[in-house]
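Novice: pasting the sequence and the predicted coordinates here, then a few questions.
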Amino acid sequence: MHLWLIRWLLITLVKSVSLCPSVSLNACMVQLFIVQLSIWALLIADLPLIISVILIFWLLGHWVERALLLPFISESCRYTDSGNLVYAQRQQLIERIEISFATWFVVFVGQQGERQILWRDSCREQSYRQIVVLEKRRRYRPRLSLDS
């Protein structure tokens, strides 16, 4: 009985979360699906063959560079409850985290509007849950202080 309470407290009482992301299988699968669907659409479209070939090579070039989706968080970092994403060399203030699709990924939105994506399978499950809890706490903290 006490084990679930300890796990719950470890997730909900954190002040910062350390992340060591790795390559995400889900991100690779989504990119592959986008490329396959786009190539299929180009092949059945009523475009001249040379234009289709040029667009396919352009698409494959972006796929190799992994530029089809938002940039991934790929280096070790620490996210604090005040909204700072601290890397080894720099620090970034995060305005909000999009958690609408938290089942698969979360999107960190910086103050200048830059976006970075963190896939659920690219880090430890406990760290991912702590980030979602920290963001929910950050969102609802102003509402709770107004009610008091």
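Specialist: Noted; the coordinates are in hand.
Novice: burial count for residue 61?
Specialist: Around residue 61 there are 10 other residues, counting by other Cβ atoms under 10 Å. The C-beta positions use only the backbone N, C-alpha and C, and glycine is treated the same way.
Novice: element containing it?
Specialist: For residue 61, the host element (DSSP states H and E) is helix 49-64.
Novice: report the buried residues of that helix.
Specialist: For helix 49-64, a neighbour-count test (16 or more other Cβ atoms under 10 Å) marks 52, 55, 59, 63 as buried.
Novice: how far away is the closest residue to the last one other than its chain neighbours from residue 118?
Specialist: Going back to what we said before, that points to residue 63. Leaving aside its sequence neighbours, residue 63 sits nearest to residue 35 (Cβ to Cβ, 6 or more residues apart in numbering; 4.9 Å). Distance from residue 35 to residue 118, counting by Cβ to Cβ, to the nearest Å: 22 Å.
Novice: look at these two and report which has more neighbours.
Specialist: residue 118 (23 against 17).
Novice: my guess is residue 56 contacts residue 42. True?
Specialist: Yes. Between residue 56 and residue 42 there is a contact at 5.8 Å, judged by Cβ atoms under 8 Å.
Novice: got the contact list for residue 136?
Specialist: residue 99 (Cβ atoms under 8 Å, 6 or more residues apart in numbering).
Novice: and the helix holding residue 61, what's its mean pLDDT?
Specialist: Mean pLDDT, computed over helix 49-64, is 90.
Novice: contacting residues around residue 132?
Specialist: Residue 132 sits in contact with 97, 99, 102, 106, where contact means Cβ under 8 Å, 6+ apart.
Novice: which of these lies closest to residue 138?
Specialist: Residue 138 has its nearest neighbour among the contacts of residue 132 in residue 97, at 8.2 Å by Cβ to Cβ.
Novice: just checking, that closest one is part of a helix?
Specialist: No. Secondary structure of residue 97 (DSSP: H, G, I helix; E, B strand; the rest coil): strand, not part of a helix.
Novice: just the buried residues of helix 49-64 now: which is nearest residue 114?
Specialist: Nearest to residue 114, judged by Cβ to Cβ, of these is residue 63 at 22.0 Å.
Novice: quick one: contacts for that closest one?
Specialist: With the criterion set at Cβ under 8 Å, 6+ apart, residue 63 makes contact with 31-32, 35.
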